[in-house]
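Undergrad: What shape does this take:
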Amino acid sequence: MLIPKFPSRTALALGAAVALAAAGAPGLLAQAPAKADAAAAAGPKLVVVEDRKDVGTVPKGEPIKHVFVLKNTGKTDLHVTDVKPSCGCTVPEFDKVIKPGAEGRVTLTVDTKNFSGPISKTALLMTDDPSTPQVTLFLSATVKPFVEALPYGFFRITALSGEAASSDVILVSDEAEFKPTKVETPNAFLKAALSPVPEKELIKDKNPNQWKITLTAAADAPEGILGGTVKVATGVKRQPEIEIPLSGFVKPAISVTPISINFGNFDPKGDAVKRNVMIVNNNAQAASFAVTKAETNVPGISAEIVPVDKSRVQVVLSVDQKIKKGVFEGELLIKTTDKAKGDVKVPLKGVIL
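TA: Take a look at the predicted model:
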C-alpha cells in the first residue's frame, strides 16, 4: 500500500508567504526591501561636494595637491575605510570618521617629476554608506616643464672600466631669468661641466638661451650599474631645480668566468680532474689582447693558456694525481696585456681525499 507524502511545515510556510505576496498582501518577501531602505535611511550618507578637479597648469616637479570635501548628511557616523589611488605617484590623506552633519576631507598629492603635458589621476574612495560604498575622485592638470632637458631628458653612459666616458644634455627654457648656476652629481666619480651651447650646436625652434651639461664618469668609476639623478639649479622661480635621471653601466674591460673555483671533495686518482676559466676582452678598441701568464700557488694544480679567438682566452687547470691529501686554498694568477686589468686573481679551494 502506498503511503501518501505530506509537505513539511517549512514548505507550507514558504508557500503561504509566496501566496500572500502574489495576492498583494504585505508578506515576508515584501518586507525585506522595506527593512533595507529603513536601515539605509537611518545610517550614514556620503555626499562628495566635487568629485572632479582640474588644477590647470603646474610646473614640472611641483607637487599637485588638492582637497576633496566630503559631507555626511546621514544620521550616524560615516567611516571612510580606504582611499586607493590608481598610480604610485599619488599619495592620499583622509579623515576616517565624519560625524552626522559634518564635513571631512580627502587630500590627494601627485608627484609630477616624471610627467609632462596633460595628466589625469584617480582615486577610489571607499566608505560604509550602504547606498554609495564607492566613489571615484578625479584630479587632472597640465604639467609644464619650464625648463626642458633635451634631446631625451636623461644622461646615458656606457663605459669600460679604466676608461672615462661622458654624456651630454642641453637645457632650454623660455623664461627670461633662466641661467643654470649649479650642478650636483650623485657620486664623487661623476663630474659635470656646465657651459653655454655654441651657436652652431643650438637646438632649432627653441629659445637660443641654451646650456649644455656634460656628465663624465671618471676612469676609476667602479664596475656595475650607474644610476641616480643630476640636480641643476635653473634660476627659474617657477622651476628652481630640475632633476635629470642617469642610467648606464661600467663594464669590466676583462670578464672572467667563473670568478672563483671550488673543486669540492675529490680523489685525484682516476679520471683527470680539470677546471676551465674563460677570459674575455670587452674592449673592442684594443689593438691586441693576450694572456701572457697563468699559474697557481697550489702545489699539484697547473694552469695552461689556450687561446680561443682574438678576444677570448681559456685557462685550463689540471690536478696532478700525486697532489697532497687534505684541504687546500689558494689562487690562480692571470697576467694580461690590458692596461686596466693586467693582473686577475681567481680564488681556488677544495679537499683532496
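
Undergrad: quick one, phi/psi of residue 81?
TA: phi -80, psi -30 (degrees, to the nearest 10).

Undergrad: What number of residues are in the vicinity of the closest residue in space to it that isn't next to it in sequence?
TA: Leaving aside its chain neighbours, residue 81 sits nearest to residue 126 (4.8 Å; criterion: CB to CB, 6 or more residues apart in numbering). Just so you know, the C-beta spots here come from the backbone N, C-alpha and C atoms, and that holds for glycine as well. Per other CB atoms under 10 Å, the neighbour tally for residue 126 reads 15.

Undergrad: Quick check: which element contains residue 126?
TA: strand 117-127 (DSSP states H and E).

Undergrad: Any chance you could list what contacts the helix or strand just after that strand?
TA: Scanning forward in sequence from strand 117-127 by DSSP H and E, the next helix or strand is strand 134-144. Residues from elsewhere that reach strand 134-144, judged by CB atoms under 8 Å, 6 or more residues apart in numbering: 46, 48, 51-60, 64, 66, 68, 83, 90, 106, 108, 110, 112, 115-127.

Undergrad: tell me the contacts of the residue nearest the centre of the chain?
TA: Residue closest to the mean C-alpha point of the chain, counted by CA atoms, centre = their mean, is residue 88 at 10.6 Å. By CB under 8 Å, 6+ apart, the contact list for residue 88 is empty.

Undergrad: measure it to residue 121 for me?
TA: 11 Å (CB to CB, to the nearest Å).

Undergrad: Need the nearest residue in space to residue 330, chain neighbours excluded.
TA: residue 298 (3.8 Å).

Undergrad: Contacts only, for that neighbour.
TA: Contacts of residue 298 by CB under 8 Å, 6+ apart are 328, 329, 330, 348.

Undergrad: what about the first one, neighbour count?
TA: So that's residue 328. Residue 328 has 19 neighbours, counted by other CB under 10 Å.

Undergrad: Over to the third one?
TA: Using other CB under 10 Å, residue 330 has 15 neighbouring residues.

Undergrad: do the same with the second one
TA: Here the neighbour count serves as a burial measure; for residue 329 (other CB under 10 Å) it reads 10.

Undergrad: Confirm it sits in a strand?
TA: Yes. Assessed with DSSP: H, G, I helix; E, B strand; the rest coil, residue 329 lies in a strand.

Undergrad: I'd guessed it sits against residue 348; true?
TA: Yes. Counting by CB atoms under 8 Å, residue 348 is a contact partner of residue 329 at 7.0 Å.
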